[in-house]
Every structure is written in structure tokens, then in C-alpha cells.
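K.L.:
when you get a sec, could you give me coordinates for this:
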Amino acid sequence: MDDVGVDLPEGLLDHIRGGRAAIVVGAGWGDAALGRLPVAAIWTVGPVEAVARAVADGAPDDWPERPVVSLFAAGAGARAARQAFADAPGLQARVAEIYRCGALVLVGFEADDPDLRVLLERILVGFPPPETDRHVFVGPAAPRAELLAEHGMTHVRAPAAEFLAALVRSCSHAGLTLAGQADRVDLLLARVELLPSGPARAAALVELAGVFEKEVGDPGRALTAIAAAVK
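P.N.:
Reported below is the predicted structural model:
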């Protein structure tokens, strides 16, 4: 429990430290604490401007710029959202990876938000069930208990801004930061998510493969990145 009484789910800091966390923000919501979270993957539904502005306003000066990615258009409905997601294979793969073995932190959604229903009931259900119960929904009220259970998701009953502030403090106490090169993999992955198929995306994947091989010591993921680059 944080020093102001906000419960932080077990294992969440470990996923942030390992680059296996993403913040998913409801349409039009934003808070400067988003910028102070040492998480490279920040996603939203609908236009990115409000979230991107909050991230930029709150980020420390020595942290690299992080792109905010829209998963699908707010209010688009299930069919259009699924099509938009299918048209972004790089983003789809990254969401699937974090959903399977990381932590999604959902903030800025109402429990009955139509976009939340699309995300939970149309997008995420297309992936295999998560391996751990580390996903988080933050807000005063929660979606149906059985829906949370299906996604391995914990409900934190707190205002989103208060939860994020507590998470920022805990990350700071744990020495987690985006300063320097420690999170270069996540930043490159975030860049790949934004790029359409073509030479620029292939070049980013080749750079990512080099980081996996030389800096992370993971030749398997390096080969995967190279294979994606030559498709």
C-alpha cells in the first residue's frame, strides 16, 4: 500500500522495470502524472492530443519523447475498432505480448464506457488468456466481476489521478526511470508501432534487432525483429 493508502497491485513495479507494462487511457482523459511514469507504451482510444499533452507536460526534462498511440477511434463501434486494430499488425503484436505476459493499466474509463467494452469484449478477447493476473482497472466503479476475471484484471477503487500519483512515487522510490538508455527497447518498440510498413519501419526493426542482440543479450528476439523487417 502506498503512503496515502492507495493499493498498488503486486508485481506491477516488476513489469514496469522489465518493460512489460502499458498505460491505456480513456478518450479525452489526461493527467500530468502520465508523463512521470517510466513506461514507454502509452495508448489511448480516439485522438491522442489530450494524452500526449499530459505526457509532455509531466515528463522530466531528461526523459526521451514518447509517442502516444491510438488503438482505435473513440465511439467507432466494435466492427470499425477491430478493423483499425487489424490494420496495425505491429501494434497488435505489442498489445498481445503485454496482454499475455505483462500488465495493462487502464485509467480514465467509466465502468460502462462503450470504448472499454470494445477493448475488453472485442479486442483483447482475440488473444490467448493472460499468463498472469497482473492487469489493472482503476476507477471508483468497475466492469462486471466475471469480465475482470476473464482478463486477469484487478480493480483498484481509487481516482485515476490519485492512483497514478501513487504509482509515480513508488517508481521513484524503486529507482525506475526513463533517463539514459535503460529503456531503449521499449522506446524503439513504441516507434515501430507508429510506423506503417515500408523502409522506415524496416530500418527501425533492424535497429531494434541490434539492441536485442548486443545490449539485451536476447538473440531469439533479435531474429524475430529481423524476420519482421524483411517481410
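
K.L.:
now for the residue nearest the centre of the chain: which residues touch it?
P.N.:
When CA atoms, centre = their mean is applied to the chain, the residue found nearest the centroid is Ala22 (1.9 Å). Contacts were defined as CB atoms under 8 Å, 6 or more residues apart in numbering; by that measure Ala22 touches Val39, Ala41, Ile42, Trp43, Arg94, Val95, Ile98, Gly102, Ala103, Leu104, Val105. To be clear about C-beta, it is placed using only N, CA and C from the backbone, and glycine gets the same treatment.

K.L.:
per-domain residue ranges of the protein.
P.N.:
Residue ranges of the domains in the chain are recorded as 12-173, 195-229, according to automatic domain parsing.

K.L.:
how long is the longest one end to end?
P.N.:
According to CA to CA, to the nearest Å, domain 12-173 extends 14 Å from its N-terminal end residue to its C-terminal end residue.

K.L.:
and stretch 28-36, by the same measure?
P.N.:
End-to-end distance of stretch 28-36: 19 Å, with CA to CA as the criterion.

K.L.:
can you check stretch 127-147 too?
P.N.:
The distance separating the two terminal residues of stretch 127-147, taken as CA to CA, comes to 15 Å.

K.L.:
and for that stretch, what's in contact with it?
P.N.:
Taking CB under 8 Å, 6+ apart as the criterion, the residues outside stretch 127-147 that touch it are 9, 11-12, 15, 95-96, 99-107, 109-112, 116-117, 120-121, 148, 150-160, 163-164.

K.L.:
one more pass at 7 Å, please.
P.N.:
Defining contact as CB atoms under 7 Å, 6 or more residues apart in numbering, one finds that stretch 127-147 is touched by 9, 11-12, 15, 96, 99-101, 103-107, 109, 111, 116, 120, 148, 151-158, 160, 163.

K.L.:
ChimeraX command to pick out the buried ones of those?
P.N.:
Here is the ChimeraX selection string for the buried members of the contacts of stretch 127-147, based on 16 or more other CB atoms under 10 Å:
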select :9,12,15,99,103,104,105,106,107,109,116,120,148,151,152,153,154,155,156,158,160,163
